[in-house]
Structures are given as structure tokens and as C-alpha cells.
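K.L.:
test case, fold it:
(2 chains, ligands or ions: 2)
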Amino acid sequence: MTRVVVADSLTKRFGSVLAVDGLSFVLEAGTITGFLGPNGAGKTTTLRMLLGLAAPTSGTALLFDRPYAELEDPALRIGAVLEATDFHPGRTGRDHLRMLGQAAGVPDSRVDEVLRLVELADAGRRRVKGYSLGMRQRLGLAAALLGEPDLLVLDEPANGLDPEGVRWLRDFLRAFASGDRTVLISSHVLAEVAQTVDQVLIISRGRLVVESSLEDLTSRVGGAVRVRSAQPERLVAALAHEELKAIASGDQALVVHGASSERVGEIAFAAGIPVHELVTEGSSLEEIFLELTAEGES
Amino acid sequence: MIRQVKAELLKVRSTRTTIGLLLGMIALILLFTLLTGLLATASSFAGAENQRQFFSLSDLAGVFSALAGVMLVASEYRYGTMRPTILFTPHRSQVLAAKTAAGALAGFAFGVVGAAIGWALGYTILTGRGITIVLSSGDISQLVLGGLASVALWGAIGIGLGAVIRNQVGGVITLLAWGFVVNPLLFGLLPSVGRFMPSYAGDALVGLTTNHLLSPTVGGIVLVGWTALLAAAGLALTAKRDVG
Ligand SMILES: Nc1ncnc2c1ncn2[C@@H]1O[C@H](COP(=O)(O)OP(=O)(O)OP(=O)(O)O)[C@@H](O)[C@H]1O
Ligand SMILES: [Mg+2]
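P.N.:
Numbers count the residues shown, from 1 in each chain, chains lettered A, B, ... in the order given. Ligands and ions are numbered 1, 2, ... in the order given. From the prediction side, this is the model:
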């Protein structure tokens, strides 16, 4: 596998604040990685070091085997968005893309192509000050895509997007990475990226606390399943028989840890207990996340 | 590098800032030329030096050209576009060099517009009042070419200043204070030092012969020196510094 990103003991100190503390990880081609951590964990600082915007206090970051700034025309290999607001409000979206594109030798035809891709073709000739937050997010993404990159690095791309926008982004990233292309997206909400990424890097206080595939992460802590039944007492007993602990959670519902929804459903079926509702709790991932990042803090 | 300069020139053209500054410059040149040309006594246009003063618009055009330069850098920090700019061109020296070139080219355009308007109007008014133009063709070409060079260099100086100060308001205030307060004060109090200030080096370059001014050649060299000094300072401050 090609190693697209290699971070080796990346460290960044701002005065007395150790923002990133000996962070090492490798991203392989074709993966979508969620870079997670609570506010202030050091995500943005790490991405800035990867992209040559900030110099590491120590350690190295290589993209395609070289420091970002030493790549020839890096924008043709790496697309990045750090802030969704990096536009001159009085410039049109299209001119914003053209001025960036010209620096990398990208023709205007590609500018129009990416505008269509992010569904901003009609808004392209309007000044950015009239854009909604979602449109700005997509314009930022369009800039990152100008050079047809093989690696996308996005800092909190879902911030401020409505559910439809989040879904659009998810589908887009999935399609983008379907070949051999690589994505690194940061977020402080695990659930936001859980349906997009294959693996996660979780940091807390500048240190890596978890590096894992999403599946492992879910199974490792044990996902919670919420099940509602007309006979909760019988279901508790049936689950206990399988050594699963169920916790009552309001109106005839139970929360079961450490089992998949399939397993809980099968147990109920075997015991002949009708089930009215059976869901994997979305928040359980969030609980994992909070638990893990709290571990990092202790 | 050509690509970067093209990109910077597009930045200059694609917001209303530059056109606003250009219109401001045109308005002030019209105002200055009309007022002075129509109201000043005929005797105040007697002699070549007086006429050179009247036709020399490089100070006025230079300020606006420098403001355009300051904005080309400072607005990138103000609106965060410096981030994508550096992502697309990670060598900061290349970004600054392209900006310096674009600032000088934009400044040159300011100079051309300013000179065309100033000369056309000034010449019409003076000849209309029956005042003979006593400038030789050498005087005139020095006024025009020296003026274009100094206005272009002011654009580049604005880039350096913007790279040092990085803040729009701070950059504009510094430029105006420097050009309109510090330079004249210094020239008035200590002409032997003040004549090395860019405003007066520019006056020397266009051929003004007021007391204490440098020779045109030295004036030109000093102006280039200021451009280089500020560009170097801007680069030193930009090269290693993290981008927010
Ligand atoms: N330029 C800077 N100067 C001083 N301290 C900084 C600077 N940039 C970041 N920090 C500090 O470094 C730490 C990590 O910040 P960073 O922005 O990388 O976190 P983050 O994980 O991106 O957080 P968020 O989710 O809020 O975006 C914080 O304590 C922050 O205050
Ligand atoms: Mg951040």
C-alpha cells in the first residue's frame, strides 16, 4: 500500500501550550480517515503542520514522501480546506477559484467544472458575500478540488451544514475515495463522520489516543442497542440468559450494551417476545468518543 | 512564477478595491489640476521648475498605487485567503515576489492613467490661459517616465509595507502617516536626511530641482532601495512565520 501521509512525532508548542505532542500516524492510499478530538485537541494545528502552513516544533510530516512545501505544485496532488471562510467577500466565487487556479496552472475550464461539481455553477458569478455558509463550504471544497488531487484534507467540513448538506458531503467523499484517493477529515463529533470514514484517529490534548478502524472501534466498546417490547421483563431475563445486561430506558425500552442489533433481535425472536423497536443507538458512538478522549485527559 | 504574477493581477482586478482607489486617484488629480490650474496666478506658472511642480503628479498617484499594494497583501490576511494562496504556492518568497511584481504593474497602470489625465487637463488649462509651456521635451519625458517609474515603485513599496504590517487599517494609516507627515516633517527639519525619504526620492526622479533634493539617478536608486528594503523585511517576517 502507498503511504500517502506519514506523520512522525509531530510536535507543536505555542509558548507554554503543547498543542500537538509527539503525534505519529500513517494514512494509506484509498482510505477515508476521521481525525477526531474535542475542541482544542490539536486537530487544526496538526493539519496546518501537514500542509506547511505551520512549522513543527519537532517531528516531520511527509505527504507523498515529501514535506508539503517541497512538492512541485502541491495543489495538483493535495486539496485542502482549513477554514470555510477564507474568501474575499467582494470577489465572485468563480474569480476566487480562477485566482487560485492560475497559480497552479489550472485552466478556467476546470474552474467551471468544479463549480458544477459542487453545484455552484449558477452562483459562481456572484460575490461571495451573498453566499450562505453551505455555499461557502462548497466553494472551499471546489478550491481544494481544482488541481484534481489524490489527497483531500478537510478541517471540519461539515460545520454549519444542514442534514442535506452533510449527506451531500458524505456521498461526495465516498465517491471521491472510491478509487485510490485518500481523504483525511477532522471533526469534533464522531457521529458526524461515522458514516463516512473507514478508520479513525482520535486525539486528545495533542496525543493520539486511538487509531482504529471504525468497525473495531464500535465493537471494541460494544455498541448500544435500544429495544422496545411489550414484555420488557421477559426480554431482560432472556438477555440475561445470554449474559447480556439490559438497562431500562423509559417507556418499555431497554438499552443493551455489547451486542449488535441483530443479536438482540434474534434473542427476542428465540424467546418469542414481540419487538416494537430495535435500533443501534447513534449516541453510543459519541459515548465511546467521550470515554476515549476522557481517558486521554486523565 | 509567471503563473503567480497572473494570479496576483487577477486578485488586483477582481475586487472593487482597486477600481475604487483608481477612481479616488482620478478624482484627486482632477481636483488638484483644476483648482491649481484655474485659480493660481499666471506668475506661479512662470519658469520650468514651477511647471514641473504642476505637472508632477507622482506623489498623488503614488499614494493610491501604494494603497493598492498594501491592500493586495493585507486583505489576504484580513480575509484569510493567504491560507489557500500559500497552499497553492508554498514558497512564500515566490508569493511575495509575485505580489511585488503585480503591485508594480498595477502601480504602472495607475501612473499611466494619472499622467494621461493630468497632462491632458493641465496642458489644456495652461494653454487656454495663454501660459507658454517652457518645458523641454527632455523635461517632459523625465516627468512622464520618472513619474511612471516612481508610481510603479510605490506600488511595490506598498506590497512590502503590507507584508510587514499585515493589517489593512494599520497598513493604510502607516502609509499615509509616513508619506504625508513623517516625510515632509523630516524634509523640513533635516533635509539632508529627509531627501532620502521615498516621497522626495520620487520628486528627484521626475526632475524636480527644489533645494536639497537628490539627483534624479540617485533618487531613482534610493526609491528602488526602499522597495528592496521593505520587500526583504516583508519576506523575513513572512518566510518562517506560521500562517494563522
Ligand atoms: N496560533 C496559536 N497560538 C497559540 N496557541 C494556539 C495557536 N493555535 C492553536 N493554539 C492552541 O493549541 C491548542 C490546539 O488548538 P487546535 O486549533 O489545533 O485545536 P482543534 O483540535 O483544531 O480544536 P477545534 O475543534 O476547536 O477546532 C489549543 O489549546 C489552542 O489554544
Ligand atoms: Mg480546529
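
K.L.:
any residue of the strand or helix carrying residue B:225 touching chain A?
P.N.:
With the criterion set as DSSP states H and E, the secondary-structure element containing residue B:225 is helix B:216-239. No - legend: contact between helix B:216-239 and chain A by CB under 8 Å from any CB of the partner chain is lacking; minimum distance shown is 10.3 Å. C-beta: built from backbone N, CA, C; applies to glycine.

K.L.:
could you give the mean pLDDT of that helix?
P.N.:
Mean pLDDT, taken over the full extent of helix B:216-239, equals 93.

K.L.:
cool, stretch A:144-160 as well?
P.N.:
Per-residue pLDDT over stretch A:144-160 has a mean of 93.

K.L.:
what's around residue A:56, how many residues?
P.N.:
Other residues near residue A:56 number 22, with proximity taken as other CB atoms under 10 Å in any protein chain shown.

K.L.:
got the contact list for the closest residue to it other than its chain neighbours?
P.N.:
When the adjacent residues along the chain are set aside, residue A:56 lies closest to residue A:49, with 4.9 Å between them (CB to CB, 6 or more residues apart in numbering or on different chains). The neighbours of residue A:49, taking CB atoms under 8 Å, 6 or more residues apart in numbering or on different chains as the test, are A:7, A:10, A:12, A:20, A:55, A:56, A:61.

K.L.:
go again with 7 Å.
P.N.:
Residue A:49 makes contact with A:10, A:12, A:56, A:61, according to CB atoms under 7 Å, 6 or more residues apart in numbering or on different chains.

K.L.:
need those residues in a markdown table with distance to ligand 1, can you?
P.N.:
Conversion of the contacts of residue A:49 to a markdown table gives the following (distance: CB to the nearest ligand atom, whole Å):
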| residue | distance to ligand 1 |
| --- | --- |
| A:10 | 11 |
| A:12 | 7 |
| A:56 | 13 |
| A:61 | 14 |
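
K.L.:
farthest-separated two in those?
P.N.:
Between any two of the contacts of residue A:49, the greatest separation by CB to CB is 10.6 Å, found for A:12 and A:61.

K.L.:
which residues does the helix holding residue B:225 contact?
P.N.:
Residues external to helix B:216-239 that are found in contact with it (CB under 7 Å, 6+ apart): B:92-93, B:96, B:100, B:142, B:146, B:149-150, B:153, B:156-157, B:160-161, B:163-164, B:196, B:198, B:201-202, B:204-205, B:207, B:214.

K.L.:
go through these and flag which are in helices.
P.N.:
Residues from those lying in helices, with DSSP state H as the criterion: B:92-93, B:96, B:100, B:142, B:146, B:149-150, B:153, B:156-157, B:160-161, B:163-164, B:198, B:201-202, B:204-205.

K.L.:
hmm, which of those are the buried ones?
P.N.:
Using 16 or more other CB atoms under 10 Å in any protein chain shown as the burial test, these include B:92, B:96, B:100, B:142, B:146, B:149-150, B:153, B:156-157, B:160-161, B:163-164, B:198, B:201-202, B:204-205 as buried.

K.L.:
the residues you listed: which ones sit near ligand 2?
P.N.:
With CB under 5 Å from the ion as the criterion, no member of these is in contact with ligand 2.

K.L.:
just the buried residues of stretch B:5-23, please?
P.N.:
For stretch B:5-23, a neighbour-count test (16+ other CB under 10 Å) marks B:5-12, B:14-15, B:17-18, B:21-22 as buried.

K.L.:
chain neighbours aside, what residue packs nearest to the residue nearest in space to the middle of chain B?
P.N.:
Here the mean C-alpha position of chain B is nearest to the C-alpha of residue B:62 (CA atoms, centre = their mean), at a distance of 2.3 Å. In this structure, residue B:62 finds its nearest non-sequential neighbour in residue B:154, 3.7 Å apart by CB to CB, 6+ apart.

K.L.:
list, one by one, the residues from chain B near chain A.
P.N.:
B:3-4, B:6-7, B:10-11, B:14-16, B:75, B:79-81, B:83-84, B:86-91, B:240, B:242-243 (CB under 7 Å from any CB of the partner chain).

K.L.:
now, these that are in helices?
P.N.:
When DSSP H defines the helices, the subset of the residues of chain B next to chain A inside them is B:3-4, B:6-7, B:10-11, B:16, B:75, B:83-84, B:86-88.

K.L.:
make a markdown table from those and add distance to ligand 1 and pLDDT to it.
P.N.:
Below are those laid out as a markdown table (distance: CB to the nearest ligand atom, whole Å; pLDDT from 0 to 100):
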| residue | distance to ligand 1 | pLDDT |
| --- | --- | --- |
| B:3 | 30 | 95 |
| B:4 | 26 | 96 |
| B:6 | 32 | 96 |
| B:7 | 26 | 97 |
| B:10 | 30 | 97 |
| B:11 | 25 | 96 |
| B:16 | 31 | 93 |
| B:75 | 21 | 95 |
| B:83 | 13 | 95 |
| B:84 | 18 | 96 |
| B:86 | 15 | 95 |
| B:87 | 17 | 95 |
| B:88 | 22 | 96 |
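
K.L.:
out of those residues, which comes closest to residue A:179?
P.N.:
Sorting those by distance to residue A:179 puts residue B:87 at the head of the list, at 22.7 Å, by CB to CB.

K.L.:
OK, contacts around the closest one?
P.N.:
Neighbour list for residue B:87: A:51, A:75, A:80 [criterion: CB under 7 Å, 6+ apart].

K.L.:
turn those residues into CSV, including distance to residue A:24, secondary structure and pLDDT.
P.N.:
Output for the contacts of residue B:87, formatted as CSV (distance: CB to CB, whole Å; DSSP: H, G, I helix; E, B strand; the rest coil; pLDDT from 0 to 100):
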residue, distance to residue A:24, secondary structure, pLDDT
A:51, 17, coil, 96
A:75, 26, helix, 95
A:80, 20, strand, 96
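
K.L.:
so which of the residues you listed reach chain B?
P.N.:
Near chain B, taking CB under 7 Å from any CB as the test, the members of these found are A:51, A:75, A:80.

K.L.:
so which of those comes closest to residue A:42?
P.N.:
Here the nearest of these to residue A:42, counting by CB to CB, is residue A:51; it sits at 14.5 Å.

K.L.:
my read: that closest one touches residue A:81, true?
P.N.:
No - Residue A:51 sits out of contact with residue A:81 when judged by CB atoms under 7 Å, with a separation of 10.2 Å.

K.L.:
and the residue lying farthest from the centre of chain B, how far is that from ligand 1?
P.N.:
No residue in chain B sits farther from the centre than residue B:130, which is 31.9 Å out by CA atoms, centre = their mean. Between residue B:130 and ligand 1 the computed distance is 66 Å (CB to the nearest ligand atom, to the nearest Å).

K.L.:
helix, strand or coil for that residue?
P.N.:
Assigned by DSSP: H, G, I helix; E, B strand; the rest coil, the conformation of residue B:130 is coil.

K.L.:
quick one, phi/psi of it?
P.N.:
With angles defined as degrees, to the nearest 10, residue B:130 shows backbone torsions of phi 80, psi 20.
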